[in-house]
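Q: coordinates only, sequence not included:
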């Protein structure tokens, strides 16, 4: 839906004003991903703005607290009113904005229409670069063997599958290997990981086993939640595999510490 | 409700399942289903279109369910059978036991039926002094073990072949100790031999139904062992037990659904046996029962019509959702604590036994969406699990600390300036606390996370504060 919607409806915008929806986790835990997203968008010819923002409301929505989810949705829709596009470095938050917002306001025609327009201009970062802006390659280098995990919401709600692989193929020095179960959930699931910690652990243990089997030295994904889950498990198991957001690698900003790694360099 | 539920202890059940090495070994095999389904779907170019028409058939039927139920009943009567409506499990059991008694039945053979599990039929028959013999191999195995099915189409998927050999050696007294029972085929042959005598001795055969066809009054079952045929043909009476949503308008509709059923379930193009039965034996028929009864169970389903859970009534019980579910794959079916496991169970169980008992199930999902992706009738399972969470939240059934935490977070999230300030402060504090390693192996209020994995520490300050500092913007 998102792939062509933006191109169909209107004339191409020469320098689109893109509002970065940075997402709570990137905002708080890993700003590098936000700056990588800005770099990628600017290099692709966008004017990037960062409206004051909080959370997309997904934790409330998935906890059954519809009222809070709606309030936060309204807040986000207003904050990005003057943007041509809204782009999130996350399929999960992106899916909330682009598929669940309209559902939230079903039965409220005015808000539903607003949410629909907002949804139509909203995209996950990598699919936005490829499908909307037509980016075919990036100028980046990453020396390593990389496995890409398809985060669930990006994959199933937004159709993010081939786009990151296409851009990764253009990264110099990078060798991409496929996980046996790339499309199987990592067990994160937001609050699920804490509420059903033992179950979540069983699922992520299977994921880390899959990662180990590929002999990749780095696991990439498009969602920080999944990445923190996988990184946390790999580190607890003593694995040297690094976890990074795909945007860091695509933007050539992967020289700092990987997720959960020491600022002072890799742990011995 | 009837079958005893332990659904409210889901977490404890899941813990047991995760620490049961034997079960974990057995569950690895369950993953093969998803591979075979993908291959079957890929072999059939019109598979996606078939899923759409399967959904349309079910939606149409549900919109006119009363009409089709009446039409079906008329056709059953025309063909010489009888239809009995049961509002709940208790009434269904009573009807079946009365039928068995009126037929002077001492022994009942059974085809695989989840409705029979739902109403607890076997226990009721035994209590009435009637022997109940499961004839599906998987069901037979778990009956010997005194267990319930852990999967709706593969009831004994939690059992290894070695377990089965031991069960047979214990239960089949005449079995020579030196007989080789190491392979599944040998186990099947052994069960067949024992069951053959049971088939011949049975007075009544009870089967479920995959579909009830309104156009003809026909019930359809699919099996891979042919046990259903012997169950319904050999005894003097055949009782079909099915729930209201099993109705489809025509044979053509049933054929559409059959085309997605086996492919979604096991990856077979079709089950080995697809058996149609219409009324009792007619003059000139070479075989068949002399009496034919259908017990149609509601048990709470009609209250789902017209509401936000109606889509669940499209379910054709293929099991694809559980085969593809990371939670089911990790713990198997018994942990769900009632008859229906996996994503379909997570939606259906609270509907049928109440959200107070079944409310944990719709919460125990990562919302990965794979169930909906593979559902042959496109049931939006995550969406309906979320509906349950909404009801629990409204009724204050979700745990208090969780509600307070969510409320506190929402307070900040609704106030962008305050949120930016608070998150930046939190990021700085956590960054300092985690500076040495870049992550935490323990963190307050995050035990569910840090018990099993490390938690990444914030890099420095928030993105928003860095961005603002950079661009010098004060908005």
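A: Done, it's in. Quick caveat, the model's predicted, so the values are computed rather than measured.
Q: the strands in the stretch 251-400 of chain B, which residues?
A: B:273-277, B:291-297 (DSSP state E, counting those that start in this stretch).
Q: So which elements touch the last one?
A: Secondary structure elements in contact with strand B:291-297, counted by 3 or more CB pairs under 8 Å, 6 or more residues apart in numbering or on different chains; DSSP states H and E, are helix B:65-78, strand B:82-86, helix B:89-102, helix B:114-119, strand B:237-243. In this view, the C-beta of every residue, glycine as well, is placed from N, C-alpha and C.
Q: can you check the shortest one too?
A: Using 3+ CB pairs under 8 Å, 6+ apart as the contact definition, the elements that strand B:273-277 packs against are strand B:218-223, helix B:227-233.
Q: Any idea which of the ones you listed gets closest to chain A?
A: strand B:218-223 (28.3 Å; CB to the nearest CB).
Q: Which strands or helices does the closest one pack on?
A: By 3+ CB pairs under 8 Å, 6+ apart, strand B:218-223 packs against strand B:211-213, helix B:227-233, helix B:251-265, strand B:273-277.
Q: How about residues contacting it?
A: Contact with strand B:218-223 is made by B:75, B:111-112, B:136, B:207-213, B:228-229, B:232, B:240, B:242, B:251, B:254, B:258, B:261-262, B:270-278, B:294, as judged by CB atoms under 8 Å, 6 or more residues apart in numbering or on different chains.
Q: try stretch B:143-157
A: Contacts with stretch B:143-157, where a contact means CB under 8 Å, 6+ apart, come from B:3, B:26-27, B:29-30, B:33, B:112, B:114, B:117, B:122, B:133-134, B:136-139, B:141-142, B:158-159, B:163-164, B:167-168, B:170-171, B:265-266, B:317-319, B:322, B:332-334, B:339-342, B:344.
Q: Pull the contacting residues for the residue nearest to residue A:251 when sequence neighbours are not counted.
A: The shortest distance from residue A:251 to any non-neighbouring residue, by CB to CB, 6 or more residues apart in numbering or on different chains, is to residue A:36 (3.7 Å). Contact analysis of residue A:36 by CB under 8 Å, 6+ apart lists A:89, A:245, A:247, A:248, A:250, A:251, A:253.
Q: So which residues on the stretch 101-250 of chain A come close to chain B?
A: The stretch 101-250 of chain A comes close to chain B at residues A:103, A:152-153, A:156-157, A:183-185, A:187-204, A:206, A:228-229, A:231-233, A:235-236, as judged by CB under 8 Å from any CB of the partner chain.
Q: are any of the residues you listed buried, and which?
A: With neighbours counted by 16 or more other CB atoms under 10 Å in any protein chain shown, those contain buried members at A:152-153, A:156-157, A:183-185, A:187-204, A:206, A:228-229, A:231-233, A:235-236.
Q: tell me the pLDDT at residue 4?
A: The chain I'm using is chain A. We have a pLDDT of 40 for residue A:4.
Q: The chain in question should be chain B.
A: So residue B:4 comes in at 84 (pLDDT).
Q: State the helix or strand in which it lies.
A: Remark: residue B:4 resides in no helix or strand, with elements defined by DSSP states H and E.
Q: picking up where we left off before, okay, the helices and strands packed on strand B:291-297, which one's buried deepest?
A: Greatest average neighbour count among those goes to strand B:237-243 (a mean of 26), per mean count of other CB atoms under 10 Å in any protein chain shown.
Q: can you list contacts of that one?
A: So strand B:237-243 is in contact with B:92, B:96, B:99, B:103, B:105, B:113, B:115-116, B:118-119, B:121, B:203-209, B:212, B:219, B:231-232, B:277, B:280, B:288-299, B:301, going by CB under 8 Å, 6+ apart.
Q: right, and the helix or strand after the worst-scoring helix or strand of chain A on mean pLDDT?
A: When each helix and strand of chain A is scored by mean pLDDT, DSSP states H and E, helix A:2-9 comes last, with a mean of 43. Sequence order places strand A:17-20 as the next helix or strand after helix A:2-9, per DSSP H and E.
Q: what are the pairing partners of that following strand, and which direction each?
A: For strand A:17-20, the paired strands and their directions (DSSP bridges) are strand A:47-49 (parallel), strand A:85-88 (parallel).
Q: so who does residue B:381 touch?
A: Taking CB under 8 Å, 6+ apart, one finds B:321, B:343, B:344, B:346, B:347, B:371, B:372, B:375 in contact with residue B:381.
Q: Got a quick PyMOL command for the buried subset of the residues you listed?
A: Selection command for PyMOL covering only the buried members of the contacts of residue B:381, criterion 16+ other CB under 10 Å:
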select buried, chain B and resi 321+343+344+346+347+371+372+375
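Q: of all the contacts of residue B:381, which comes closest to chain A?
A: Nearest to chain A among the contacts of residue B:381, with distances taken as CB to the nearest CB, is residue B:372, at 7.7 Å.
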